[in-house]
Each structure stands twice: as structure tokens, then as C-alpha cells.
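Engineer: can you look at this prediction? I've put the sequence above it.
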Amino acid sequence: MPPSAASLPPFDAAQALHLARQTCEIEAAALHALGERLDERFAQAVQRMLHTPGRVVVMGMGKSGHVGRKIAATLASTGTPAFFVHPAEASHGDLGMVTTHDLVLAISNSGESSELTALLPVLKRLGVPLLAMTGQPQSSLAHHADVVLDTSVAREACPLNLAPTTSTTVQLALGDALAVALLDARGFRAEDFARSHPGGALGRKLLTHVTDVMRSGDELPVVAPDAPLSTMMRTMSAKALGCAVVSNAQGQVLGIFTDGDLRRCIETGIDLRTAQAAQVMHSQPRSIAADALAADAAALMEQHGITSVLVTEPAPPDQAPLLRGLVHIRDLMRAKVI
């Protein structure tokens, strides 16, 4: 049992910082050594995983199992179908989840985990390709593997050289290296990543388009170019978007008038009683296409310090663009794009 708090020696802050820095140095050195010894076997592993018609089945016991779960999740989210199977559960029926079309990535620092080595002859009989990630290239696991990836380390960061620390860091890094090489080989794009993360912030940014959040039709504060300022102000108040879009009978955008424009009119002394929309509007409003990402609309607002962007259709060079809608910053916040 661990000692009680009352029996612990006085806390040494300097020693804690020393061990923290030493841990970082040991693990950084191990990662550097890993990168230096990567060779054609890594390329072979990537190629086998790339051309596997089924899934990558990751296995590992203890801390290697925890690392394996993370590697499987990273592979699955970056275009390589993968899942984790616990070796002990595999011996009691879960091995049925593995098919001859799959590939097994087995992780074990010692290469001698009994729960894992018990499965090796069975996997061989099934004809399932086996990749090994082990710190002991002469181990039972390495002997049965088609490709061996060496994750050996000079020492663990643990002062006792016992707790898996450096070795698990190297396993994680090698798993990330496999995932990165695979996503590049597959031509995996940001849009592909978003499709597997629809519920996250990144998914919303990469999957939400302007057309999904824009206002259109009767929701738009549209006025004619000859509309008096009083009419334009009533329209702005009714739609509560802080602006009015000036558009002709053909639906072409001529300009925009905002709360800021009203303040500038007052400051310059324009006669508000006789002013018309065409006289006070801003004739070059910021606009975006309906099929653009909503995140691009947010970036446009941030870049120019505005709260709304018009959505338009392109028109011939000698004609004004057609109005499709409007995106307000509140629309982007509601959709959790920002």
C-alpha cells in the first residue's frame, strides 16, 4: 500500500522540477533515436496497412493497450479503418472480430505478453498479416511478425526504470508517424477529416456552408435605391440586422447601408430628411458565395471589422451581382462556427 500523507517526506519542489526536466530530456532523446533508426521496414508497414482490404486491428496489453486504443482511434479518424481488440478478450471469443482481410498491429514493449503471444499461432493459421511494435526485436512477437518496428529505448524516464514512460511515448509517436504517413499516401484532406468529426468544432467549420446559415427571402432587409432614409431605417429596425441592402427590381446588389453609415451621415451633416438610399449607401459591400464555408464568412467579418456579409451570385463583368442572402455574425454563433 502507498504511504499515508502523514508519513510522506517533505515535498521537495526543486527535485520535482529536476525530475520533470529530466523526463522531458530522456523522452526527447528517445524520440530522436526512434527517428534516426526508422528504415525501409517502416515504409513496408505503411504500404501493408495502405493496401489492407479490411481493417487494421490493434492489440496490446496494459499500458501498450492504452497506447493501442489511441493509435486505433487516430488511424480511424484519418482515413484508415481501425479498431482495438483486447488480447485477453480475443482469446475468449473476440478473435472472431478479426477476418482474413484484416491486418493486426500488435504492441508490446517486451514482446512476450502472454495474452498476446497466445494469439500469434492462431493469427498465423488465419493468414492475417502481423505488424509488431516492440522494444525487443528478438522476442516471440517479433519472431512471428511480418514486419517489426523497433520501439526500444535506452531507459524509462521513471527513476526506478520500471514504469512504462519513455517506451509508451515512443509507441505513441510511432503510431502517429504511421497515421501521418498513411493519410498522406491516401490523399486525405481536411474535408475528409471533418466528415469523421461532424460533432466537433472542426467538423462544423469544415462542413457548414454559407447556404446552411444564411438568411434569405423575407428575412432580408432589402430597400430600393430611391427609398427615403426613413424607410430604410424602419426596414433596418424591423429586421434587426444592423443594415439594409440596396437592391434594384432585378434583385441586383447596388450597395449596403449600416448603423455605422448612419453615424457617419450625422457627423458629415447630410440632410436625413431628403436623403435616399442610393445617396448614402456603401456601393462596394463585402460578399461571399453561397457554397463557401461559413468559416470563410467569419474570417471575412473579422478581417474587415463587420458583422454581416452579403451572399451573392456572380454576374457578368458589366452587371451587379444577384442577391442570394445575408449572413450575420449571430447566425455564425448560433451554428457554433465561431
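Structural biologist: Structure's in. What do you need? Not measured: the values here are computed from a predicted model.
Engineer: count of residues packed around A142?
Structural biologist: 20 (other Cβ atoms under 10 Å). Just so you know, the C-beta spots here come from the backbone N, C-alpha and C atoms, and that holds for glycine as well.
Engineer: and V309, bridged to which residues?
Structural biologist: V327 (DSSP bridges).
Engineer: list the residues that contact it.
Structural biologist: R286, S287, I288, A297, L300, M301, L326, V327 (Cβ atoms under 8 Å, 6 or more residues apart in numbering).
Engineer: cool, and N248?
Structural biologist: A224, P225, L254, A320.
Engineer: and this protein, what are its domains?
Structural biologist: 16-188, 210-334 (automatic domain parsing).
Engineer: can you put the ones you listed in a markdown table and add distance to A6 and mean pLDDT?
Structural biologist: Below are these laid out as a markdown table (distance: least, Cβ to Cβ, whole Å; pLDDT from 0 to 100):
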| stretch | distance to A6 | mean pLDDT |
| --- | --- | --- |
| domain 16-188 | 20 | 96 |
| domain 210-334 | 52 | 93 |
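Engineer: need these in TSV with distance to L202, can you?
Structural biologist: Putting the domains of the chain into TSV (distance: least, Cβ to Cβ, whole Å) gives the following:
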stretch	distance to L202
domain 16-188	11
domain 210-334	10
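Engineer: out of these, flag the one nearest G200.
Structural biologist: Ranking the domains of the chain by proximity to G200 (Cβ to Cβ) places domain 16-188 first, at 10.1 Å.
Engineer: and S77, how far is that from P164?
Structural biologist: 24 Å (Cβ to Cβ, to the nearest Å).
Engineer: give me the element V253 is part of.
Structural biologist: When elements are assigned from DSSP states H and E, V253 belongs to strand 253-258.
Engineer: can you pull the contacts of the residue nearest to T80 when sequence neighbours are not counted?
Structural biologist: Among residues not flanking T80 along the chain, L182 sits closest, at 5.1 Å (Cβ to Cβ, 6 or more residues apart in numbering). Listed by Cβ under 8 Å, 6+ apart, the contact set of L182 reads V46, M49, L50, L75, T78, G79, T80, F188.
Engineer: quick one: contacts for the last one?
Structural biologist: The neighbourhood of F188, defined by Cβ under 8 Å, 6+ apart, consists of T78, G79, L182.
Engineer: in JSON lines, list these along with distance to R155 and secondary structure.
Structural biologist: Shown next, in JSON lines, are these (distance: Cβ to Cβ, whole Å; DSSP: H, G, I helix; E, B strand; the rest coil):
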{"residue": "T78", "distance to R155": "31", "secondary structure": "coil"}
{"residue": "G79", "distance to R155": "35", "secondary structure": "coil"}
{"residue": "L182", "distance to R155": "30", "secondary structure": "helix"}
